[in-house]
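>>> fold the stuff below for me.
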Amino acid sequence: MRLRTPVCKICRRKGVKLFLKGEKCKTSCPLDKEKKKSFFSSRKSRFRKRVSEYWFQLQEKEKVRNFYGLSERQLRGCFRLAEKKSGIVGEEFLLLLEKRLDNVVYGLRITPSRRMVRQIINHGGIFVNNHRVDRPSYQVKVNDTIALRTKSKLYVRLKEAVKKEKKEERLTWLEFDPDTLSAKVTRLPARADVTIPVTEQLIVDFYSK
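The predicted structure is shown next:
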């Protein structure tokens, strides 16, 4: 998905860090700076129009869509799949997003952004169980082995960047090997593994209308 709006503006609207710039969001982010409210800004907030319940639902949906870098069609399709599962629809929806191949590779912190991850996958640079997978929407399973193509031009550069990343920032349900830039899915993610602060029931209400 190509963003046509400045990414920092999207985060300011949502009031949450969505890490749309990747590593740059860790060092310089307008949300990290505490801004003092002036008299005029506080006065303006008093006369702010009331927002509807639909507005809150839309904001939560857009927050998730921007965080995972999906189009509206992709997000809606993922929600329809969650509706067919036997669990809670909201949780199943978030877990389907977490198990996407592009999210898993980004969770290994071998690339600076989700856009770069999706580009690598589309060009056939990721192997799952020794088979090339070029679909970012691929759903990983338990015991799946994910590896970066060793002949890739980015392999050496990404291998050096991995040493600078913190281990605690990687997905906890993956077993990562920094020497080979590969990982194994040890378990499926749970609701507690979802890092973005979101009320999924608002998204369920939005799509159930």
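>>> so where's this structure uncertain?
The chain contains residues with pLDDT under 70 at 1-49, 152, 161, 163-168.
>>> where exactly do the strands run in it?
126-128, 131-132, 145-148, 174-177, 182-185 (DSSP state E).
>>> how about the fourth one as PDB, C-alpha atoms only?
The C-alpha coordinates for strand 174-177 follow below in PDB (Å, rounded to 0.1, in the frame of the first residue of the first chain):
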ATOM      1  CA  LEU A 174       9.800 -16.800  17.100                       C
ATOM      2  CA  GLU A 175      13.200 -18.500  17.600                       C
ATOM      3  CA  PHE A 176      15.700 -16.300  15.700                       C
ATOM      4  CA  ASP A 177      19.200 -17.200  14.500                       C
END
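>>> spatially central residue in the protein, please.
With distances taken as Cα atoms, centre = their mean, the residue of the chain nearest its centroid is residue 68 (3.4 Å).
>>> distance of the nearest residue to it once chain neighbours are set aside from residue 149?
By the measure of Cβ to Cβ, 6 or more residues apart in numbering, the closest residue to residue 68 outside its immediate chain neighbours is residue 97, 5.3 Å from it. The way it works is simple: take the backbone N, C-alpha and C, and place the C-beta from them, glycine included. From residue 97 over to residue 149 the distance is 25 Å, taken as Cβ to Cβ, to the nearest Å.
>>> residue 128 now?
Separation of residue 128 from residue 149 (Cβ to Cβ): 12 Å.
>>> what do you get for residue 101?
Taken as Cβ to Cβ, the span from residue 101 to residue 149 is 14 Å.
>>> any common contacting residues for the two?
Common contacts of residue 101 and residue 149, defined by Cβ atoms under 8 Å, 6 or more residues apart in numbering, comprise residue 126.
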